[in-house]
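J.: quick one: sequence plus predicted model below, questions after.
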Amino acid sequence: MAHQHNRHLSFSSKAYFPQRQAEKLIRDLNLLPDDDVNVAAHEFKFEPASGRKIVERRLELSVIGNAGPSVQELGHHAGYYLLPHSHAAYYDVRKKCEGDLCYDFSNMERFLNQNSVRESLGVGNIDFVSCSSTVNEAMVMDWMRNLEVGIPALLEDGIKVLVYAGEYDLICNWLRNSRWVYAMEWSGQKNFGSSSTVPFVVDGAEAGLLKGHGPLSFLRVHNAGHMVPMDQPKAALEMLRSWMQGKLATAERGKNSS
């Protein structure tokens, strides 16, 4: 694990400005590092930082006052801070973010706003928008809610859980997703951690890396950013179809669909 040489970062407890505090966090960390860092490499191993890879750092926040932002809020806002060298590529480190949402959803909006589609869906004259500020504000308190705590109970009941991430997504990157999946405490944790990572094959080509045990599966999707179905529609469809049909477990043994 990379770290900041026991570096301590302090934050003011006099004001509640998570966005500004997050900017301080990013600037103090200097994400164009001279320090040694680890980066995510192929098959969950690590190698020196270079190129378009996800850099992992660990730091200690020594002072956050009661009136200050939570660590979770700092992490959230820091994740969306505009790093000059990243081109604001929150959702795909290969691309420059362009437009309000970094993705072009205009075709979907035009389709869903057709009168015939509205009538079929029974939504009346409501306009469909790709990103609604009304919905966003209604869910703002859920941003930092830890939902992982409820997953072990599902696994113990035998309910299948699939966690997936595009390998070029930054804001919900595969590395940090794999970290909480590995760390999650349940009866199959040890066996999941020791299970083999195998190729997820679609139409005879490797479309991702799959790891699983019992009801839990983790899939890192190749050549995809935040919007896996948009970047890799065939792989996304096969992933969903296999999982819903209970066949993803056979893929874990190398019998992927083609």
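T.: Great, that's in hand.

J.: surely Lys211 is within a strand?
T.: Yes. The assignment for Lys211 (DSSP: H, G, I helix; E, B strand; the rest coil) places it in a strand.

J.: quick one: it and Leu237, what's the gap?
T.: Look at Lys211 and Leu237: by Cβ to Cβ, to the nearest Å, they are 21 Å apart. C-beta coordinates here come from the backbone N, C-alpha and C atoms, glycine included.

J.: what does the domain assignment say about this structure?
T.: 8-86, 93-145, 148-249 (automatic domain parsing).

J.: worst average pLDDT in those domains?
T.: Ranked on mean pLDDT, the bottom entry among those is domain 8-86, at a mean of 49.

J.: what about Arg241, how many neighbours?
T.: Residues contacting Arg241 under the criterion other Cβ atoms under 10 Å number 12.

J.: is it in a helix, a strand, or coil?
T.: At Arg241 the chain is in helix, as set by three-state DSSP.

J.: what are the bridge partners for the spatially closest residue to His222 that is not a sequence neighbour, then?
T.: Excluding the flanking residues, the one nearest His222 by Cβ to Cβ, 6 or more residues apart in numbering is Gly208, at 5.2 Å. Going by DSSP bridges, Gly208 is paired in beta bridges with Phe200, Val221.

J.: just checking, Gly208 touches Leu219?
T.: Yes. Counting by Cβ atoms under 8 Å, Gly208 touches Leu219, with 5.2 Å between them.

J.: give me the residues contacting stretch 121-140.
T.: With contact meaning Cβ atoms under 8 Å, 6 or more residues apart in numbering, stretch 121-140 is reached by 100-101, 105, 108-109, 112-113, 118.

J.: try 6 Å
T.: With Cβ atoms under 6 Å, 6 or more residues apart in numbering as the test, stretch 121-140 has contacts from 101, 105, 112-113.
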